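>>> One predicted model, sequence on top.
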2 protein chains.
Amino acid sequence: MDDVFKALADASRRSLLDRLHAKNGQTLNELCEGLAMTRQAVTKHLVILEEANLVTTYKQGREKLHYLNPVPIHQIGERWIKKFERGKLTALSELKRQLEKRDE
Amino acid sequence: MDDVFKALADASRRSLLDRLHAKNGQTLNELCEGLAMTRQAVTKHLVILEEANLVTTYKQGREKLHYLNPVPIHQIGERWIKKFERGKLTALSELKRQLEKRDE
DNA sequence: TTGACATGCAACCATTTGGTTGCCTATTGT
DNA sequence: ACAATAGGCAACCAAATGGTTGCATGTCAA
């Protein structure tokens, strides 16, 4: 889970996920197009995404195809974000109450 | 939004959010208890959480109270994670199809 | 078969990050 | 008044991060 959070912390990597979300199964060179980064930098980002299991690849001839795996993202939502949504309203009203108490 | 992702990337900071989720409105020293880190390190983490708007503070005398703000977490869920859940199943079946094609 | 194309590997670099120590300031209880 | 308590500030440090360049390897097409 830590891997996933770390992988998502970088805007370039999130934008790579966006690109794969728009069009799945792209090659490395395809994913490089229009980016202000060298191919090697993109490779490094993709490796981190693979290690976090956010991207799956397989080689077809000399090309390497990249597929988005949305499962870890979903798990962040289920296992982590939902925990903080329970009690969101009570936390906020508690905050409001305390902030108001400040002015007494 | 980038600030929030960056803030969430560190396990110590996520655990501070957990602590505030368990008990809201803690002081700095309270949040330090039982952690293998100096007070100053915790302060730095809390500053990052504040800048990402995940934690709100206010001073009461010589104490500084920390409150969890769950709104940015909720927004990550709404504005980011949900985007990838739409089409999750189609992405997965596409992936499966491609992986099977590999063995032909 | 050989040149062009797609990717991999490794060394290197600057900046950011996560932490420390040492000291300073402000508030509170006795 | 003053010692103890709660927190702030700044300099410093090692390691991680995000990027580069240069070169090597594997595959396809003419």
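Here it is on my side, so go on. On a predicted model such as this, the values are computed, not experimentally measured, just so you know.

>>> hey, where'd the strands end up in chain A?
Ranges of strands in chain A, per DSSP state E, are A:26-27, A:55-60, A:63-68.

>>> Could you tell me how many residues sit around the residue of chain A at minimum distance from chain B?
Closest to chain B within chain A is residue A:9: 3.5 Å, counting by Cβ to the nearest Cβ. The way it works is simple: take the backbone N, C-alpha and C, and place the C-beta from them, glycine included. Using other Cβ atoms under 10 Å in any protein chain shown, residue A:9 is surrounded by 18 other residues.

>>> Check what pLDDT it gets.
Listed pLDDT for residue A:9 reads 98.

>>> ok, now residue A:69?
94.

>>> ok, now how distant is the spatially closest residue to it that is not a sequence neighbour from residue A:20?
With Cβ to Cβ, 6 or more residues apart in numbering or on different chains as the criterion, residue A:69 has its nearest non-adjacent residue at 5.2 Å, and that residue is residue A:56. Distance, residue A:56 to residue A:20, using Cβ to Cβ, to the nearest Å: 10 Å.

>>> Next: residue A:59.
17 Å.

>>> how about low-confidence regions in chain A?
Residues of chain A meeting the criterion pLDDT under 70: A:86-104.

>>> Break down it into its helices, ranges please.
Ranges of helices within chain A are A:2-8, A:11-22, A:28-32, A:39-51, A:71-75, A:82-85, A:88-102, based on DSSP state H.

>>> Which one, of these, ends up nearest to DNA strand C?
Of all the helices of chain A, helix A:28-32 sits nearest to DNA strand C, with 3.3 Å by Cβ to the nearest atom of the strand.
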